[in-house]
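In: Kindly generate the corresponding structure for this input.
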Amino acid sequence: MNNQSQFVIAAIVSVFLHALLLAGITLGWESTSDPTPRVFKPRYVEAKLVELKAQDTKAPAQKKNNVIDLTKKRELEQQRAEAAKRAKEEAARQRRVERERKAKAEAKKKRDQEAERKRQQALEAKRRAEADAAKAKAERERQERIAEERLDDAMRKEEQQRQAQLAAQQTQSYVNMISSRIEQNWSRPPSARRGMKVELLIQLVPTGQVVNVTVVRSSGNAAFDRSAEQAVRRIDRFSELRNMPPTLFEENFRQLKLVFDPKDLRL
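Out: Residues are numbered from 1 along each chain as shown. Down below sits the predicted model:
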C-alpha cells in the first residue's frame, strides 16, 4: 500500500469520528423535558488529523521490499553473471570463429600458392618440353638437311664421276680415233725405231679443223718428230669431232696433247 492510500484512509476515519460526535450531541438535546434552559459548558472535542509518516507506513513493507530487492538483486547479479558468461562465451566463440576463419584463409592461401606453384611448374615443364621438342625438331631437320645434302653431294659426285668416266671414255675414244687416223697417215722415216714416241700439241676448233700442231716433247729423233707432225697436218680435219659435246671439246680437245707412239715399229 502506498502513502496516498494510507492518507485517504486516515481522512475517512477522522470524518467518521466527527459525524458520530455530532449525532450524539443532537440526540441528547432532544430527549430532555426540563424547559429550563440549561447552560452547557461547551465541551470541545479535539480532532487531530494524523499524518501518517511515510517511514511509519513503510516500515512493515520495507522488510518485504528488502526481501524483494535482495531477490531481485540476486536475480540481477545472476542475470549479469549469465550475461557476462554469455558475452565471454560469445567472445570466445568469436575468437574461435576468427581463428578458424584465419586458419581456413591461411590454408586456402597455401593451397592457392601450391596450386600456383604447380601451375608454374607445369608451365615451365611445358615450356621446356616445347623448347626441347623445338630443339629436337630443329636438330632433326638439320640432320635431315645434312643427310639430304650428303645424299645430294654423293649423288652429284656419283653423277660427276659417271660423267667423268663417260667423258673419259668418250675422250679416250676420240683420242684413239685421232691416234689411229694419225698412224694411218704417218710415213715412217728410216730412222724410226721401236720405243720412240713424241708428244704433240694439237690445236683444234669444234668442226675438227686442225689449226696448229707443235712438238711438245721430242722423241730425240728429229725425223721421227717431223713425220708425226706432218701426219697430223696431212689429215687437216677430224670431222668426227663435230658430234662431240661442246663441254667435252672445250675441256679436252681445244688443245689436245697427244703422245704419238706407234706400236708396229721395228727394232
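In: Please work out the average pLDDT along the host helix or strand of Glu75.
Out: Using DSSP states H and E, Glu75 falls within helix 54-184. Across helix 54-184, pLDDT averages out at 84.
In: ok, the residue sitting nearest the centre point of the chain to Glu116 distance?
Out: Centre of the chain computed as the mean C-alpha position; nearest residue by CA atoms, centre = their mean is Leu123, 4.4 Å away. Leu123 sits at a distance of 10 Å from Glu116 (criterion: CB to CB, to the nearest Å). For every residue, glycine as well, the C-beta is placed using N, CA and C.
In: same deal with Arg217?
Out: Taking CB to CB, one finds Arg217 at 90 Å from Glu116.
In: So the two - more neighbours on which side?
Out: Arg217 (13 against 10; other CB atoms under 10 Å).
In: Quick check: closest non-adjacent residue to that one.
Out: Glu199 (3.8 Å; CB to CB, 6 or more residues apart in numbering).
In: ok, now which ones touch Lys226?
Out: Careful, residue 226 is Arg; it's not Lys. Going by CB atoms under 8 Å, 6 or more residues apart in numbering, Arg226 touches Pro189.
In: looking at this, it is in a helix?
Out: Yes. Judged by DSSP: H, G, I helix; E, B strand; the rest coil, Arg226 forms part of a helix.
In: and the residue nearest to Arg217, what element?
Out: Here Glu199 is assigned to strand 198-204, by DSSP H and E.
In: Please point out which parts of that strand sit buried.
Out: 198-200, 202, 204 (16 or more other CB atoms under 10 Å).
In: helices and strands around that strand, which ones?
Out: Other elements packing on strand 198-204 under the criterion 3 or more CB pairs under 8 Å, 6 or more residues apart in numbering; DSSP states H and E are strand 210-217, helix 222-235, strand 255-260.
In: on that earlier part again, with distance to Ser173 and pLDDT as added columns, please give the buried residues of strand 198-204 in CSV.
Out: Output for these, formatted as CSV (distance: CB to CB, whole Å; pLDDT from 0 to 100):
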residue, distance to Ser173, pLDDT
Val198, 22, 90
Glu199, 20, 92
Leu200, 19, 91
Ile202, 16, 91
Leu204, 16, 92
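In: quick one: which of the residues you listed is nearest Ser14?
Out: Nearest to Ser14 among the buried residues of strand 198-204: Leu204, at 180.4 Å, using CB to CB.
In: Would you check that that closest one makes contact with Val210?
Out: Yes. With contacts counted by CB atoms under 8 Å, Leu204 reaches Val210, the gap being 6.1 Å.
In: between these two, what contacts are shared?
Out: The contact lists of Leu204 and Val210 share Phe238, where a contact means CB under 8 Å, 6+ apart.
In: What is the distance between the helix holding Glu75 and the centre of its chain?
Out: With CA atoms, centre = their mean, to the nearest Å as the basis, helix 54-184 stands 8 Å off its chain's centre.
In: Taking their axis directions, that helix and strand 210-217 sit at what angle?
Out: If you take axes from the mean of the first three to the mean of the last three CA atoms, to 10 degrees, helix 54-184 sits at 90 degrees to strand 210-217.
In: Helix 222-235 and helix 54-184, what's the angle between them?
Out: Using the same axes, to 10 degrees: helix 54-184 against helix 222-235 is 100 degrees.
In: shift numbering so it begins at 326
Out: Yes, from this point I'll number from 326; that puts the last item at helix 379-509.
In: CA atoms of stretch 541-549 as PDB?
Out: Taking Å, rounded to 0.1, in the frame of the first residue of the first chain, the C-alpha atoms of stretch 541-549 are listed here in PDB:
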ATOM      1  CA  VAL A 541     105.900 -30.500-127.000                       C
ATOM      2  CA  ARG A 542     108.300 -33.300-126.100                       C
ATOM      3  CA  SER A 543     110.700 -34.700-128.700                       C
ATOM      4  CA  SER A 544     111.400 -38.300-129.200                       C
ATOM      5  CA  GLY A 545     115.100 -37.500-129.700                       C
ATOM      6  CA  ASN A 546     114.800 -38.100-133.400                       C
ATOM      7  CA  ALA A 547     114.100 -35.100-135.500                       C
ATOM      8  CA  ALA A 548     112.900 -37.100-138.500                       C
ATOM      9  CA  PHE A 549     110.500 -39.100-136.300                       C
END
